[in-house]
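Peer 1: Let me see the structure of the following:
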Amino acid sequence: MAKKAEKSLTFDEILAKVRGIAAQTDVSGVGFMAVQINLTGDNGGVFYVEVKDGKTSVEPYEYNDRQCAITMKADNFVKLIDGDLDAVAAFTLGKLKVDGDIGKALEFSKVVKKDK
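Peer 2: A predicted model of the protein is given here:
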């Protein structure tokens, strides 16, 4: 059986998807976190995810006081949040780059990953 070609999500669709996942994620045990996401390739863009006082914000802006920045191709990021790409494997394979606190990057991957 041939695998169905996946439609790439636009940047706005990716942002909406992250917002939806973040809204459903319990962040009560997560301390302050400020992570900027740099998506490259088709449908790339920049946004940030902030967890503060038990609430998650996802905004399409750069975050100058971030704890880390994660850079990856937009299609790989979608696989990451869909649970089809492991964050550690992506980092090891060079599909995900972290500038800053790698611990916050791992914490971030747990906050925005959909449970399968």
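Peer 1: the helices in this protein, which residues?
Peer 2: Listed in chain order, the helices found in the chain under DSSP state H are 11-24, 74-81, 87-92, 102-112.
Peer 1: quick one: the longest one to helix 102-112, angle?
Peer 2: Between helix 11-24 and helix 102-112, the angle formed by their directions is 90 degrees, by axes from the mean of the first three to the mean of the last three C-alpha atoms, to 10 degrees.
Peer 1: as a whole number, average confidence for helix 11-24?
Peer 2: Mean pLDDT, helix 11-24: 94.
Peer 1: Tell me which other helices or strands it touches.
Peer 2: strand 45-52, strand 55-59, helix 74-81, helix 102-112 (3 or more C-beta pairs under 8 Å, 6 or more residues apart in numbering; DSSP states H and E). For every residue, glycine as well, the C-beta is placed using N, CA and C.
Peer 1: Can you give me the buried ones in that helix?
Peer 2: For helix 11-24, the buried set under the neighbour-count rule, 16 or more other C-beta atoms under 10 Å, comprises 11, 14, 15, 17, 18, 19, 21, 22.
Peer 1: Thank you kindly, that will do.
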